[in-house]
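Student: Generate a structure from the sequence data that follows.
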Amino acid sequence: MNSCKSEKWYQYLYYTEHRAVNVERLEQIENVTGHETLDYVLRTLDILEQSDAGEEVKRIVRTVLRWSEVAKGGTARDRAVWEGKGYPLDIHNIASAEIYLDETKNSEMKDEDPALIHTLIKTHGMIGQCLRGEVPVAGNAPLLEAPVKDQKNIREILYVLNECIIRGVSEELWIRVREEVYALIDRILRGDLSEFPAEYRVRRLLPGLSEVPQELIDFFAEKLFPRYELWYFEAALSDFDAKQILEILTGLVEGMGSEVTDYITFKPLADSLYYDYEGKKHINVYKKRIIEKHLRDNSVENVALDIRRRGNAVQVDFAFSRVCEKLIDFCVEAERSGLLTFEKSITVLYDMFGFRRDEFDRLNNEDKYLATMNSTEESTKNSIVDYVVGQTVVDVGSGGGVLLDLLEERYPDKHVIGTDISENVIAVLNKKRVSEGHRWTVERHNFVDGPFLVDGVKGCVDTIIFSSIIHEIFSHTETPEGRFRIEVVEQALRNAMDSLAPGGRIVIRDGVRTMTAAEAAKVPDGLSGAMEALDGSSGAVEAPDRLLSPVEAPEMVGEDKLIIYPDGLLTVTFMDRSGLDFFKNYMQDFEGLTDIEDRRITVDEENLRVSACVDFMREFLYTYTWGRESYSHEVQEQFGYYTIGEYREVLERLGARVLRADAFLEPGYPEHLRPLVTLEPDVYPDSNCIVVAEKP
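Tutor: Reported below is the predicted structural model:
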């Protein structure tokens, strides 16, 4: 390719500061070099050279590929000249075709087929855009006028050209659309320029929508498809729902007025909606929430649709007030810090302006949170789905949807329903359901508020799964007495029992609190017998100020397992100062364990050592595992709220028969913590439990 470096097309793409990259295809934004377009063109040329096409076809396609993207490049002076000539640089196929013609007239560059190549550059990529719903099939009409030797020749040229263009983007994409591409080319060359139905085009433009309302289809059919080509549509609007998209497009059509326009490009909006977080492209949820409020209230106080004309094209974005721009900048930097103080500030500020969707809107890191929820389910999810019975299964607090997927895979004949209380989560799950073709459904429901109804009737669910969700109910439900109220857990379980059909089951996988010796004395048979063996006495057992250990009582298993800590304390020594700093922040920020007045915390700064009651240290350790980025969320939750004995007690009081009640240590916790801390005694408290209860 060194021979190309002196050619004009190469120089236009290499010597440029203009960055015309489609964010839809990027995994990172901040590392954009400006050479992405050149790299793409070189990829397409490599694909061409590997093809079996004849030399005549390769010669034509080679020239088309070299010049098809030049309007995305050029120096500032080049671009000013092109704009002065009226070339629509935002519609790069049209502009590139005209730049190519200029070069053939004004230089020694000579082509045997300049008219054909001009037509192919002008229409390049439109086959793919038709299949995405962006442009009408009629936009390919110039191909029917292209001066070629014979029909077979143009068909082969278009086959090869479109393979290079699409494979240059993604090999997987080419495999997926190849047959559609060939079929559309054949249809066009037969002279059939009939358009795809409006519903087809809308579904292709917005493949992530769970439902496409007829109102939206009608709007496209009447207001947009007959008049405009739509560029970068999915890249800009795929994160909005159907109602929001209709509001944006209605405002756009009204704002454009009657002046003639052929092209609408949403690239400015696509470019402004994303930024990098932790090395990956991340939607700017702070901008999006402000836009969403603008769409709800039809207010332009904070943000308004920004419509700009450039030649025969309209550019679409949103313009924010100066205050909102500063607010967005602050929130992005606060998000990066991971500090709880900033996290709370973001929530307060967005609530002040009414920008949050609902009280469960996490704003920042929602996608990371859902991904984390998916990954944490992996270790024990298979064991809990083994307990599913009956036909209707409800997954409570479905989060990222990993358990829904597993239930659907394991039980393809069952009716699997996901629930959540967050509008954000519901939207993400519905998008996942449609894009991945799942059969499960999702509904908004809170078990604290009432039973789950099936077709308006309670008592019809066969299995209800609470996987890592009851501790969130306990931690985040606001009551007149505040958060961390154990009665809300019992209320949720009571409503779950009322939701079950006879013989139905509640399956719980969640955190577990450490059982004390005093509590052990209340547990029937197994534990009392074990305590008697340890204590050497008979009858009732006095409650020593300590906890029992499986090391000292190896015969105890499952719910009969106890953990011993001298004086009920656990001591942790950190490997470096940052761990101690993390702990001191946690001391100030953690508001759980409201039933413990004295946490007995001591801090030895010199030796990086801390000590506290085992309940507090357990909560700290299993928050510390998640790291700084998750701290602001995890510190607001208490993971262990019931001991294994209390689980059994409350479920039996609600009328359930407990089939299984086991506490255990999730293997990942000590695995991640051992490089960071040492424990005295060197026994990690149980972190999790699995409880299965059946309604008689």
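
Student: which residues touch residue 511?
Tutor: Going by Cβ atoms under 8 Å, 6 or more residues apart in numbering, residue 511 touches 468, 471, 622, 638, 639, 640, 641, 687, 688, 689. (C-beta placed from N, C-alpha, C; glycine too.)

Student: Please flag which of the residues you listed sit within helices.
Tutor: Of the contacts of residue 511, the ones assigned to helices by DSSP state H are 471, 622.

Student: can you redo the contacts of residue 511 as JSON lines with neighbour count and pLDDT?
Tutor: Formatted as JSON lines, these follow (neighbours: other Cβ atoms under 10 Å; pLDDT from 0 to 100):
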{"residue": "468", "neighbour count": "21", "pLDDT": "90"}
{"residue": "471", "neighbour count": "20", "pLDDT": "95"}
{"residue": "622", "neighbour count": "22", "pLDDT": "92"}
{"residue": "638", "neighbour count": "22", "pLDDT": "96"}
{"residue": "639", "neighbour count": "21", "pLDDT": "95"}
{"residue": "640", "neighbour count": "24", "pLDDT": "95"}
{"residue": "641", "neighbour count": "25", "pLDDT": "96"}
{"residue": "687", "neighbour count": "23", "pLDDT": "92"}
{"residue": "688", "neighbour count": "20", "pLDDT": "92"}
{"residue": "689", "neighbour count": "24", "pLDDT": "93"}
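
Student: Need the contacts of residue 511 in TSV (columns: distance to residue 394).
Tutor: Formatted as TSV, those follow (distance: Cβ to Cβ, whole Å):
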residue	distance to residue 394
468	15
471	18
622	27
638	24
639	23
640	24
641	21
687	25
688	21
689	20
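
Student: buried set for the top strand by length along the chain?
Tutor: Assignment by DSSP state E gives strand 500-511 as the longest strand of the chain. The neighbour-count check on strand 500-511 (16 or more other Cβ atoms under 10 Å) flags 500, 501, 504, 505, 506, 507, 508, 509, 510, 511 as buried.

Student: from what I can see the first one touches residue 454, true?
Tutor: No: in this structure residue 500 lies outside contact range of residue 454 using Cβ atoms under 8 Å: 11.0 Å.

Student: Now the common contact residues for those two.
Tutor: residue 461.

Student: starting at the chain centroid, how far to the helix or strand containing residue 47?
Tutor: Element membership of residue 47, judged by DSSP states H and E, is helix 36-50. When distances are taken as Cα atoms, centre = their mean, to the nearest Å, helix 36-50 is centred 31 Å away from the chain's centroid.

Student: residues in contact with the next helix or strand after that helix?
Tutor: Of the helices and strands lying after helix 36-50 in sequence (DSSP H and E), the nearest is helix 55-67. Here helix 55-67 makes contact (Cβ under 8 Å, 6+ apart) with 4, 7, 9-10, 41, 44-45, 48-49, 51, 53, 96-97, 99-100, 103, 111, 113, 116-117, 120-121, 124, 153, 156-157, 160-161, 164-165.

Student: Please list the members of these that lie in strands.
Tutor: Per DSSP E, the contacts of helix 55-67 never map to strands.

Student: From these, list just the buried residues.
Tutor: Buried by 16+ other Cβ under 10 Å: 9-10, 41, 44-45, 48, 53, 96-97, 99-100, 103, 111, 113, 116-117, 120-121, 124, 153, 156-157, 160-161, 164-165, out of the contacts of helix 55-67.

Student: Return the list of strands paired to the longest strand of the chain, each annotated with direction.
Tutor: strand 461-467 (parallel), strand 688-694 (antiparallel) (DSSP bridges).

Student: Pull the residues that contact the first one.
Tutor: Just to be clear, that refers to strand 461-467. 377, 381, 384-385, 387-397, 403, 407, 452, 454, 496, 499-501, 503-510.

Student: one more time with 7 Å, if that's ok
Tutor: Contact partners of strand 461-467, identified using Cβ atoms under 7 Å, 6 or more residues apart in numbering, comprise 377, 381, 384, 388-396, 403, 452, 454, 496, 499-501, 504-510.

Student: ok so, going back, okay, the strands paired with strand 500-511 in TSV with distance to residue 24 next?
Tutor: Compiled in TSV, the strands paired with strand 500-511 are given as follows (distance: least, Cβ to Cβ, whole Å):
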stretch	distance to residue 24
strand 461-467	33
strand 688-694	39
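
Student: ranking those strands by burial, who's on top?
Tutor: strand 461-467 (a mean of 25; mean count of other Cβ atoms under 10 Å).

Student: chain center to that strand: distance?
Tutor: On Cα atoms, centre = their mean, the centre of strand 461-467 falls 25 Å from the chain's centre.

Student: Quick one: mean pLDDT for that strand?
Tutor: Taken as a whole, strand 461-467 has an average pLDDT of 96.

Student: Can I get that strand in CSV? Just the C-alpha atoms.
Tutor: Output of strand 461-467 as CSV, limited to C-alpha atoms (Å, rounded to 0.1, in the frame of the first residue of the first chain):
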residue,chain,number,x,y,z
VAL,A,461,-47.8,-18.4,40.7
ASP,A,462,-45.9,-21.7,41.1
THR,A,463,-42.4,-20.5,41.9
ILE,A,464,-41.0,-17.2,43.1
ILE,A,465,-37.3,-16.6,43.1
PHE,A,466,-35.6,-13.9,45.1
SER,A,467,-32.0,-14.0,43.9
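
Student: what about the strands in the stretch 151-300 of the chain?
Tutor: Using DSSP state E, counting those that start in this stretch, the strands of the stretch 151-300 of the chain run over residues 229-231, 263-265, 274-277, 280-283.

Student: Could you list the residues in contact with the second one?
Tutor: I take that to be strand 263-265. For strand 263-265, using Cβ under 7 Å, 6+ apart, the contacting residues are 88, 90-91, 228-232, 312-316.
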